[in-house]
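>>> here is a sequence with its predicted model. Questions after.
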Amino acid sequence: MSKTEVVVYENPDLLAAAAAARLVTRIVDVQAAKGSASVVLTGGGTGIAILQELRDSSARDAIDWSRLDVYWGDERFVPADSDERNEKQAREALLDHVPLDPRRVHAMAPSDGEFGDDVDAAAAAYAEVLSGDHGDVPAFDIMLLGLGGEGHTASIFPESPAVYEKERSVVAVRDCPKPPPTRISLTLPAIRRAQDIWLVTGGDAKADAVAQALAGAGEVQIPVAGARGTRRTLWLLDRGSASKLTKVYQTPTA
Ligand SMILES: O=C1O[C@H](COP(=O)(O)O)[C@@H](O)[C@H](O)[C@H]1O
């Protein structure tokens, strides 16, 4: 299991800008080493702010966008044109502004897509997308994950059926405490296939969950505690979300 690293930025804007810069560097390094790279996106305020920062950064041109696979860690099961959809927000923030290969953008189905409102079928189809020809969930190069104040990550909520899932890589999620209630999510076993997991979040409302996860809480109560990469587990926080940590972590000056 990878060591946990924590970096605390002065404010949410700096956090988003620094995470975007880190993304460019990591994607370029992986592409140089292997030819192509894969990234798993998150929804949520910080996740989308990072994509906006990347769109506005001239360094984004260092990435070979045609050799990048894009996946999602979770999706809200709503119509394709809903503003709540993580894919729509990511497209508006970044994906529609860069020359990605559309065949390498792997979105989860919306509730008005080919599976209609059958969220189980949509989740099973995404599991097939992940397993592809090799039969295994990819060892994603970089996975971005946000978290909720009660400790959820992706759409895995505390004490919910999804947090107990050991076999499937993708599940349908119902009755979420946070709207919209129906979602699709990678499971913790699939999340733990990622090489790098970057947990990105800002604001005081996340401070308890961050502190509990980093203090070693169990993943059933605090699912984000179960998100660990095989190569690296990196928490990128702002002062608010880090405010209940007892240990002093690295705070960059710029
Ligand atoms: O609903 C979701 O929320 C979380 C966290 O979002 P935030 O806006 O509170 O930071 C996000 O990680 C997840 O992808 C999304 O579906």
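Nice, thanks for sending it over. Numbers count the residues shown, from 1 in each chain.
>>> residues in contact with the nearest residue to residue 226 once chain neighbours are set aside?
Setting aside the residues directly before and after it, residue 226 is nearest to residue 219 in space (Cβ to Cβ, 6 or more residues apart in numbering), at 3.0 Å. Glycine gets a C-beta too; all of them are placed from N, C-alpha and C. Applying Cβ atoms under 8 Å, 6 or more residues apart in numbering, we find residue 219 in contact with 163, 188, 225-226.
>>> export those residues as CSV, with columns for secondary structure.
Shown next, in CSV, are the contacts of residue 219 (DSSP: H, G, I helix; E, B strand; the rest coil):
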residue, secondary structure
163, helix
188, helix
225, helix
226, helix
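>>> show me where this protein has helices.
12-34, 45-55, 86-93, 119-131, 188-191, 207-214 (DSSP state H).
>>> now render those helices as CSV, adding mean neighbour count and mean pLDDT.
Listed next are the helices of the chain as CSV, based on neighbours: other Cβ atoms under 10 Å; pLDDT from 0 to 100:
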stretch, mean neighbour count, mean pLDDT
helix 12-34, 17, 98
helix 45-55, 21, 98
helix 86-93, 20, 98
helix 119-131, 18, 98
helix 188-191, 22, 98
helix 207-214, 21, 98
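>>> so which of those helices is nearest the ligand?
Shortest distance between the ligand and the helices of the chain, using Cβ to the nearest ligand atom, is found for helix 45-55: 3.7 Å.
>>> and that closest one, anywhere near the ligand?
Yes. Contact between helix 45-55 and the ligand, assessed by Cβ under 6 Å from any ligand atom, occurs at 45-46.
>>> kindly report the same for stretch 208-218.
No. Figure legend: stretch 208-218 not in contact with the ligand (Cβ under 6 Å from any ligand atom); closest approach 10.1 Å.
>>> what sits up against that stretch?
With Cβ under 8 Å, 6+ apart as the test, stretch 208-218 has contacts from 4, 6, 147-151, 199, 201, 221-222, 224-225, 235, 237, 241-242, 244-247.
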